[in-house]
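In: What follows is a protein structure lacking sequence information:
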């Protein structure tokens, strides 16, 4: 078991065929492809990234697998410009840097917080936001240290926040967080 497996298990419980979802950090496209498979042809998947390299990689993977998604070169903090409020079933974030990419380009708390706040307004009641905090290596510690206390401030009358840890893992294990918008 790892963070990806756990995240996919939880997301699969929330995203059904025909669902509408966002991959807030496209990366290499694996989560985008996963969302496309769950949502099916009847659904809608949009992926954001600030790096053209990430979108090119995602596009190639989707083409190889015969899947389709809307790919947007923009920061995840701007996702509300593209959707109506309470129109999204699932939003996925993988924080950190692009795997095998430039480690100098990575997510930062200010834009991540803005994206989470924006995304919470986009989620349907009963919808899920998954935020996997990757913070090891040469980046991400500041984001993690600011994000965890921030998540505890979300209104518990509107959201349930579940933070999971791989408690006995060494070397900065990822932290999957699940935010469910109350019905």
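Out: Thanks, I have it. Quick caveat: nothing in here was measured; it's all calculated off a predicted structure.
In: From now on I want contacts and neighbour counts done on CA atoms only, so please keep to that.
Out: Noted.
In: pLDDT on the longest strand along the chain, on average?
Out: Longest strand in the chain by number of residues (criterion: DSSP state E): strand 123-133. Averaging pLDDT along strand 123-133 yields 97.
In: ok, then the element right after it?
Out: Later in the chain than strand 123-133, the nearest helix or strand by DSSP states H and E is helix 141-151.
In: Start and end of stretch 161-170, how far apart?
Out: Start and end residues of stretch 161-170 are separated by 24 Å (C-alpha to C-alpha, to the nearest Å).
In: Now do the buried residues in the helix-or-strand element of the chain with minimal mean pLDDT.
Out: Scoring the helices and strands of the chain by mean pLDDT, DSSP states H and E places helix 141-151 at the bottom, with a mean of 91. Buried positions in helix 141-151, judged by neighbour count with 16 or more other C-alpha atoms under 10 Å: 141, 143, 144, 147, 151.
In: Over to stretch 65-82?
Out: Under the neighbour-count criterion of 16+ other C-alpha under 10 Å, stretch 65-82 has 67, 68, 69, 71, 72, 74, 75, 76, 77, 78, 79, 80 buried.
In: Taking strand 123-133 as reference, get the angle to the following helix or strand past the least confident helix or strand of the chain.
Out: The element immediately downstream of helix 141-151 (helix or strand, assigned by DSSP H and E) is strand 159-163. Put simply, strand 159-163 runs at 20 degrees to strand 123-133, going by axes from the mean of the first three to the mean of the last three C-alpha atoms, to 10 degrees.
In: what sits up against strand 159-163?
Out: Strand 159-163 is contacted from outside by 151, 152, 154, 175, 176, 177, 178, 179, 180, 181, 182, using C-alpha atoms under 8 Å, 6 or more residues apart in numbering.
In: Please tabulate those residues in CSV, including the columns secondary structure.
Out: Output for those, formatted as CSV (DSSP: H, G, I helix; E, B strand; the rest coil):
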residue, secondary structure
151, helix
152, coil
154, coil
175, strand
176, strand
177, strand
178, strand
179, strand
180, strand
181, strand
182, coil
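In: from those residues, which two are the most distant?
Out: Farthest apart among the contacts of strand 159-163 by C-alpha to C-alpha are 175 and 182. That separation is 22.1 Å.
In: Pick out whichever of those two has more residues nearby.
Out: Taking other C-alpha atoms under 10 Å, residue 175 and residue 182 do not tie; residue 175 has more neighbours (21 against 14).
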